[in-house]
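# fold the following and give me the result.
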Amino acid sequence: MEAPERATDSGTVTTKQEAGNERRHAPRRRAADRTVTPDAAIARALAIGPDSSAAERTIDITTRGARSGLPRRIEIWFHRVDGRWYLTGMPTPRSWYANLRADPRFVVHLKHGVQADLPATAAPVDEPTRRRVITAVLDLQNRPEIAARVGRRQSLDEWLAHSPLVEIVFDDERLRTRPASA
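Numbers count the residues shown, from 1 in each chain. A predicted model of the protein is given here:
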């Protein structure tokens, strides 16, 4: 049996077959060229807008129980209006809101496009901001494709009077207020 022919290149010895495999399996471009930095992936996940899907809007948050002090994790939609992020919900009492009123520190868990845990603080909003944000949220909620999930058209007056609403203020200053086009 004859030994395989060997090719030498810069002192590395390989068979012709191995050399062919190296070319065939060589990376098309450097790994660094195709990786997305965590900061860019987080920025992209936070860049939601009116046309974002339900999955892109869905996050988890972990709050501390108002009475128990134990961590409480729930799934919720977040919204971006005028470059700031908000949590709100249907116009009924919500335990996550009671928890944030008792202890405004919480964690936002991104889970679509990137997985990241972002410490944040829930900030109260003034009445003009409340009206602007809830109006934007209801514009989304009342779209036919989403209204079908909710079951009925949402009332602005009811939401203004009874819906929980807080601004998400991320601890990392680089994540705060992004332009609406970001």
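
# hey, let's count contacts and neighbours off CA atoms from now on
OK.

# the strands in this structure, which residues?
6-9, 12-15, 58-64, 71-81, 84-88, 105-110, 116-123, 165-170 (DSSP state E).

# got a markdown table for those, with mean pLDDT and distance to residue 39 too?
Listed next are the strands of the chain as a markdown table, based on pLDDT from 0 to 100; distance: least, C-alpha to C-alpha, whole Å:
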| stretch | mean pLDDT | distance to residue 39 |
| --- | --- | --- |
| strand 6-9 | 40 | 40 |
| strand 12-15 | 34 | 39 |
| strand 58-64 | 97 | 17 |
| strand 71-81 | 96 | 18 |
| strand 84-88 | 96 | 17 |
| strand 105-110 | 97 | 12 |
| strand 116-123 | 96 | 10 |
| strand 165-170 | 97 | 14 |
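
# quick one: residue 163 and residue 89 touch, right?
Yes. Between residue 163 and residue 89 there is a contact under C-alpha atoms under 8 Å: 5.9 Å.

# tell me what angle the biggest helix by length in the chain forms with strand 165-170.
When the chain is scanned for its longest helix (criterion: DSSP state H), the result is helix 127-141. If you take axes from the mean of the first three to the mean of the last three C-alpha atoms, to 10 degrees, helix 127-141 sits at 90 degrees to strand 165-170.
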